[in-house]
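Visitor: sequence and computational prediction follow.
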Amino acid sequence: MNKKKIVRNTDKPIQKVRFIFQTAFALLCIWIGVEFYFFVEYLETGGQSGSFYRPAGVEGFLPISSLMNLYYFILTGSIHNAHPAGLFIFIAIVAVSFAFGKSFCSWLCPVGFLSELVGDFGEKITGKKLKLPKLLDYPLRSLKYIILFFFVYSIVFMMSSLALKIFLDSPYNIISDVKMYLFFAEISRFSLIVIAVLFVLSIFLRNFWCRYLCPYGALLGMFSLISPTKIKRNETSCIDCSLCAKACPSFIKVDKAKTVLSDECTSCFNCIDACPVKDTLYLATVKPKFRISKKTAAIGIAVVYLIIIGIGIVTGNWQNEISEEEYLIYYNQRKSINHFEEGTGLESFNRQIKPGK
C-alpha cells in the first residue's frame, strides 16, 4: 500500500503581518476620528476653538452616499463634490475585494478587526467556536443581502441622475458625516442597547455583525465570488487532517473543497497557515493558473488600495468644496435637517448668506 510522501509546510504564517495591517488601519481611523472631533468642535463653537480642517477619510464611513456618488458618476461622468473621497474609498474597497477575495474585511476593516478581537475573547471564554445550526444560520446570513438589495434597489432602480443630484446637493448629505459623528457622540439609550446586544452576541457567535447583518460585507462577498484569485486545495497531497477547516473563522469546509468558493471567505489565510503539508493549500489565479504567495497578496492588497486612493488625491477629487459658511449654517440647522425638502436645500443657504436676493 502506497503512503503519501508528506513534506512539512515551512512557510511563515502571515497572521502577524495581517495583524499589523489591521492595527495600522484601525489607528488611522482613530486619528481621523480625533481630527474630525476638532472639526465638529469648530462648528459647535462657531469657529472659536477646534479646527476647520476636515479629514476626508471620514467619508469612508458613508457607504450609502458613496454608492450614490458612484452611480451618479456612472450616469453623468461627473464626481459630486460633497464627498468625493468617499467615492474613491468605496472603489478601493471593492477593488481590493475583487482582486483578493473580500480581503478588505479581514485585512483593513476596523469593524472586522474589532469583531475578530471580540471573537477571540469569546473563544477563550467558551473554549470553542460556537456556530448556529444551519436552520438558523442560512436564513440569518440572507439578512445582509436583503439590506444590500434594499439600498441598491432604492438607488439604482428608483433614482434618476436628477434625483441623485438633488440628494447629493442636499444639506442632509453634505453634513451626513457630522450627523453620523453626533449619532455616536450623543447616542440614545436604545442605540446603546442595540450596540451592546450586538457586542454580546459577537462574543459567543463569532463575527455576528459581519456574518449576518453587514450589507458592505454582502457586496464584497459578491465581488469575491467573481474574483480571479481563489484558495486552492491539492487533493493529492492533502492528508485530511481538517486543520484548515478548524482554523477557518467563517466555518468554511476548506478540507472538502478543491477550490474555496464562498461569499464568507475573507482571504485571511488562516487555513493556509494551519495546513501542515507544503503546497497543499495556496492562493492562485483561476485562469491562467499561477500561484500567489501570501506575502505577495498582502503587498497587493496594500498597493491596490493605495493606488486608487492616490488617484483620488492627485486628480483633486479628495477634499470637498463645501465652504466654512455652509458648514456653520448647516450645523446650526442640524436638528431640523432630516432629508431634502423646501427650506433645507441649497436655495435656503443662498438666501441666508445673500439676504434679499
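Guide: All right, it came through fine.

Visitor: roughly how far does the nearest residue to residue 83 once chain neighbours are set aside sit from residue 178?
Guide: Using C-beta to C-beta, 6 or more residues apart in numbering and skipping residues adjacent in sequence, the residue nearest residue 83 is residue 59, 4.5 Å away. For every residue, glycine as well, the C-beta is placed using N, CA and C. In this view, residue 59 and residue 178 are 12 Å apart by C-beta to C-beta, to the nearest Å.

Visitor: returning to that earlier point: you'd agree the residue nearest to residue 83 is up against residue 92?
Guide: No: judged on C-beta atoms under 8 Å, residue 59 makes no contact with residue 92 at a distance of 11.8 Å.

Visitor: remind me, longest helix of this protein?
Guide: helix 15-44 (DSSP state H).

Visitor: after that helix, next one along is what?
Guide: helix 63-76 (DSSP states H and E).

Visitor: so where is the chain shaky, pLDDT-wise?
Guide: Applying pLDDT under 70 to the chain flags the ranges 1-5, 339-357.

Visitor: who has more neighbours out of residue 59 and residue 92?
Guide: residue 59 (26 against 22; other C-beta atoms under 10 Å).

Visitor: now the more buried one: how far from residue 308?
Guide: 14 Å.

Visitor: and the helices in the stretch 251-357 of the chain?
Guide: Along the stretch 251-357 of the chain, counting by DSSP state H, counting those that start in this stretch, helices occupy 270-274, 294-314, 324-332, 346-353.

Visitor: tell me how far stretch 81-94 lies from the chain's centre.
Guide: In this view, stretch 81-94 has its centroid 12 Å away from the chain centroid, taken as C-alpha atoms, centre = their mean, to the nearest Å.

Visitor: contacts for that stretch, please.
Guide: 56-57, 59-60, 62-63, 65-67, 69-70, 73, 79-80, 104, 108, 168-169, 173-174, 176-177, 216, 219-220, 223, 304-305, 308-309, 311-312, 317-322 (C-beta atoms under 8 Å, 6 or more residues apart in numbering).

Visitor: any of the residues you listed buried? List them.
Guide: 56-57, 59-60, 62-63, 65-67, 69-70, 73, 79-80, 104, 108, 168-169, 173-174, 176-177, 216, 219-220, 223, 304-305, 308-309, 312, 317-318, 320 (16 or more other C-beta atoms under 10 Å).

Visitor: tally up the residues packed near the residue lying closest to residue 276 once chain neighbours are set aside, please.
Guide: Nearest non-adjacent residue to residue 276, counting by C-beta to C-beta, 6+ apart: residue 9, 5.5 Å away. By the criterion of other C-beta under 10 Å, residue 9 has 16 neighbours.

Visitor: what's near enough to touch residue 9?
Guide: By C-beta under 8 Å, 6+ apart, the neighbours of residue 9 are 275, 276, 277, 278, 279, 280.

Visitor: again, only this time at 7 Å
Guide: Shown in contact with residue 9 (C-beta atoms under 7 Å, 6 or more residues apart in numbering): 275, 276, 277, 278.

Visitor: now do the phi/psi pair for it.
Guide: phi -80, psi 120 (degrees, to the nearest 10).

Visitor: how about the contacts made by residue 311?
Guide: Contacts of residue 311 (C-beta under 7 Å, 6+ apart): residue 88.

Visitor: residue 299 versus that one, what's the distance?
Guide: Relative to residue 299, and taking C-beta to C-beta, residue 311 is found at 19 Å.

Visitor: who's in contact with the closest residue to residue 10 other than its chain neighbours?
Guide: Nearest non-adjacent residue to residue 10, counting by C-beta to C-beta, 6+ apart: residue 278, 6.9 Å away. Applying C-beta under 7 Å, 6+ apart to residue 278 gives the contacts 7, 8, 9, 10.

Visitor: residue 237 versus residue 278, what's the distance?
Guide: Counting by C-beta to C-beta - residue 278 and residue 237 are separated by 8 Å.

Visitor: same question, residue 102
Guide: 26 Å.

Visitor: with neighbour numbers in mind, choose between those two.
Guide: Using other C-beta under 10 Å, the more surrounded residue of residue 102 and residue 237 is residue 102, with 29 against 16.

Visitor: element containing the nearest residue to the more buried one once chain neighbours are set aside, please.
Guide: Leaving aside its sequence neighbours, residue 102 sits nearest to residue 224 (C-beta to C-beta, 6+ apart; 3.8 Å). Applying DSSP H and E as the criterion places residue 224 in helix 215-225.

Visitor: what's downstream of that helix, the next helix or strand?
Guide: Assigned by DSSP H and E, the successor of helix 215-225 is strand 229-233.

Visitor: what packs against that following strand?
Guide: strand 281-285 (3 or more C-beta pairs under 7 Å, 6 or more residues apart in numbering; DSSP states H and E).

Visitor: just checking: what are the partner strands of the strand it packs on?
Guide: Strand pairing for strand 281-285, using DSSP bridges, gives strand 229-233 (antiparallel), strand 291-292 (antiparallel).

Visitor: and the longest one with helix 294-314, angle?
Guide: Which is strand 229-233. 170 degrees (axes from the mean of the first three to the mean of the last three C-alpha atoms, to 10 degrees).

Visitor: next one: the next helix or strand after strand 229-233 to chain centre, how far?
Guide: On the C-terminal side of strand 229-233, the closest following helix or strand by DSSP H and E is helix 243-247. On the basis of C-alpha atoms, centre = their mean, helix 243-247 sits 25 Å off its chain's mean C-alpha point.

Visitor: list the contacts of helix 243-247.
Guide: Contacts of helix 243-247 (C-beta under 7 Å, 6+ apart): 253, 254, 255, 270, 271, 274, 275, 276, 281.
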